[in-house]
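Colleague: could you work out the structure for the sequence below:
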Amino acid sequence: MADLFQLQSSIETAGARLIAVSKTHPVPDIMSVYNQGIRHFGENKVQELVEKAPELPEDIHWHLIGHLQTNKVKYIASFVHLIHTVDSRKLLKEIQKQAKKADRKIRILFQFHIAREESKFGIPPDEKSWLNELDFKIEFSNVIPCGVMGMATFTDDESIVRAEFRHLKSIYDELRSGIFREQDSFTEISMGMSSDYQIALEEGATLVRIGSLIFGARTYTDQ
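Modeller: Model prediction:
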């Protein structure tokens, strides 16, 4: 496991923010990391996030970093800090609906499919034209578009990983200077995990999602 202070310092020096990925890890482990100054935590599953959040300090910023089904949005709408995985207009509409019910604005990232693995979720880069039709002043007034997210191919070939991160950065640049040029909130690039975060930082990441380097191996249950 990495030295948390050094890890956070190196990430902040690169101009990014550390998100401690706490999925499958119990509340005491999360508190241990929290007590070392970390305030941003990421969870993959809504059920797990909903169960953990009430048992932990209220000043934690919770990030939903796993695939999100529309019927699960209502469970996190009142407290989630940032949803990283918006990949359809249908999901965006549900987030707007639930954010309005909760009387708050929800920050989101658009997830793009940049990896070679077909199993990963995300908007295909050549199918993002629907983003041009989004009106965040009227139709999606309770949603704040903050940037993009992507996951690289799981491989030891750093050239592949670097190319995919660079691709996501180019998508971000295109959107930032085009569709979202008037959105001051559109500043984030969420990419990089324990195995490839250093490459991600070099390629422009502003948010890195790190789990095993902080918590060690994942803890699985029978649930």
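
Colleague: which stretches of this structure form helices?
Modeller: 4-13, 27-34, 46-52, 73-76, 89-101, 158-177, 197-202, 212-215 (DSSP state H).

Colleague: and residue 117, which of the ones you listed is closest to it?
Modeller: Relative to residue 117, the nearest member of the helices of the chain by C-beta to C-beta is helix 158-177, separated by 10.6 Å. Heads up, the C-betas are built off the backbone N, CA and C, glycines and all.

Colleague: tell me how far the closest one is from the chain's mean position?
Modeller: From the chain centre to the centre of helix 158-177 is a distance of 16 Å (C-alpha atoms, centre = their mean, to the nearest Å).

Colleague: give me the pLDDT value at the closest residue to residue 70 other than its chain neighbours.
Modeller: Leaving aside its sequence neighbours, residue 70 sits nearest to residue 94 (C-beta to C-beta, 6 or more residues apart in numbering; 4.3 Å). On pLDDT, residue 94 comes in at 98.

Colleague: what's around residue 94, how many residues?
Modeller: 20 (other C-beta atoms under 10 Å).

Colleague: with residue 30 instead?
Modeller: 21.

Colleague: what's the nearest residue to it if we skip its chain neighbours?
Modeller: residue 22 (4.9 Å).

Colleague: give the contact list for residue 116.
Modeller: Contact analysis of residue 116 by C-beta atoms under 8 Å, 6 or more residues apart in numbering lists 153, 155, 160.
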